[in-house]
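Trainee: no sequence for this one, just the structure:
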Ligand SMILES: NC(=O)C1=CN([C@@H]2O[C@H](COP(=O)(O)OP(=O)(O)OC[C@H]3O[C@@H](n4cnc5c(N)ncnc54)[C@H](O)[C@@H]3O)[C@@H](O)[C@H]2O)C=CC1
Ligand SMILES: O=C(O)C1=N[C@H](C(=O)O)C[C@H](O)C1
């Protein structure tokens with residue numbers, strides 16, 4: 001049966017690519033393509049079963065509220081998530097039994113594997129820092145991927161009983177050591193010419209390990225978006241990370 005999919009944020013960098021990908025998918029029909037200022041009622045009028053939400057941290061919560069309140073599963077890649085926002089999303093889901101919400105910090109398989117490799121390596125190294133590099137249109141910093149990666153690394157270190165990292169800095173400028181995400185320094189670069197890149201650097205006695213991923217085109221995110229749209233109805237409630245839909 002054909003899956004009826006709507007894209008919200010259809011004119012954006014990733015949204016416009018998602019519109020093409022959904023159109024090209026033989027098992028999907030693009031029933032609505034909404035931009036800023038569109039009426040969300042278009043989506044329900046068109047009978048969308050799944051909304052692919054790719055907008056802005058300022059817009060995502062309102063879109064979730066509408067979709068989950070109107071019987072539509074949601075796959076979102078929009079970033080800027082906090083514990084408070086996740087709590088609100090859980091509250092919305094509690095009022096929408098049977099509906100699924102996938103929040104995916106990154107849809108690219110390489111990035112997801114990079115996060116997994118970093119999580120695996122974390123327990124074996126004394127030091128770890130995350131560097132993310134993005135295009136100049138990005139609203140949030142650090143990136144959703146870097147934040148999630150740092151959280152996974154911190155949890156792995158804690159589970160292994162590693163002590164907090166020692167920061168030797170006693171002199172310097174504020175910000176020079178990056179943002180502190182659960183004790184892991186995260187550095188964000190915004191540079192024209194870049195798209196989405198991440199480097200996790202781990203260091204131990206006499207060695208370093210670097211895990212690097214580069215998205216060089218928005219097409220890298222499309223197989224993950226389509227997979228999320230296909231699977232979300234079978235996963236009611238909140239799923240945080242596309243890795244839960246993959247055999248990892
Ligand atoms: N999870 C992932 O793999 C990826 C996530 N992203 C995230 O997706 C989001 C969008 O990124 P970009 O496409 O680069 O941004 P963008 O600024 O190019 O596109 C966002 C689009 O959403 C539209 N928009 C904003 N509010 C809206 C609303 N209420 N209703 C409908 N449309 C609305 C804007 O007008 C714009 O066209 C960001 O949060 C970004 O971090 C981006 C790439 C990959
Ligand atoms: O804004 C982007 O471009 C991206 N956003 C996501 C993030 O914040 O991690 C995913 C990817 O890095 C591209």
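Mentor: Perfect, thanks for sending it. This is a predicted model, so every value here is computed, not measured. Residues are numbered from 1 along each chain as shown. Ligands and ions are numbered 1, 2, ... in the order given.

Trainee: ok, residue 104 to ligand 2 distance?
Mentor: From residue 104 over to ligand 2 the distance is 9 Å, taken as Cβ to the nearest ligand atom, to the nearest Å. Where you see a C-beta, it was placed from the backbone N, CA and C, and this is true even at glycine.

Trainee: Tell me the spatial nearest neighbour of that residue, not counting adjacent residues.
Mentor: Leaving aside its chain neighbours, residue 104 sits nearest to residue 242 (4.4 Å; criterion: Cβ to Cβ, 6 or more residues apart in numbering).

Trainee: And for residue 138?
Mentor: Spatially, and ignoring its direct neighbours in sequence, residue 138 is nearest to residue 190 (6.3 Å; Cβ to Cβ, 6+ apart).

Trainee: got the contact list for that neighbour?
Mentor: The neighbours of residue 190, taking Cβ atoms under 8 Å, 6 or more residues apart in numbering as the test, are 133, 134, 135, 136, 138, 141.

Trainee: pretty sure the residue nearest to residue 104 is touching residue 226, no?
Mentor: No: judged on Cβ atoms under 8 Å, residue 242 makes no contact with residue 226 at a distance of 10.9 Å.

Trainee: Compare the two (neighbour count), which wins?
Mentor: Between residue 242 and residue 226, counting by other Cβ atoms under 10 Å, residue 242 is the more crowded of the two (27 against 22).

Trainee: Can you pull the phi/psi pair for residue 11?
Mentor: With angles defined as degrees, to the nearest 10, residue 11 shows backbone torsions of phi -100, psi 0.

Trainee: swap in the one 3 residues further on?
Mentor: Main-chain torsions, residue 14, degrees, to the nearest 10: phi -90, psi -30.

Trainee: Please list all residues in contact with it.
Mentor: Neighbour list for residue 14: 54, 77, 218, 221 [criterion: Cβ under 8 Å, 6+ apart].

Trainee: Residue ranges of each domain in this protein, please.
Mentor: According to the domain assignment given by automatic domain parsing, the chain is divided into the following structural domains: 3-103+218-245, 109-215.

Trainee: What residues does this structure have near ligand 2?
Mentor: By Cβ under 6 Å from any ligand atom, the residues of the chain that approach ligand 2 are 79, 105, 106, 134, 138, 143, 144, 145, 196.
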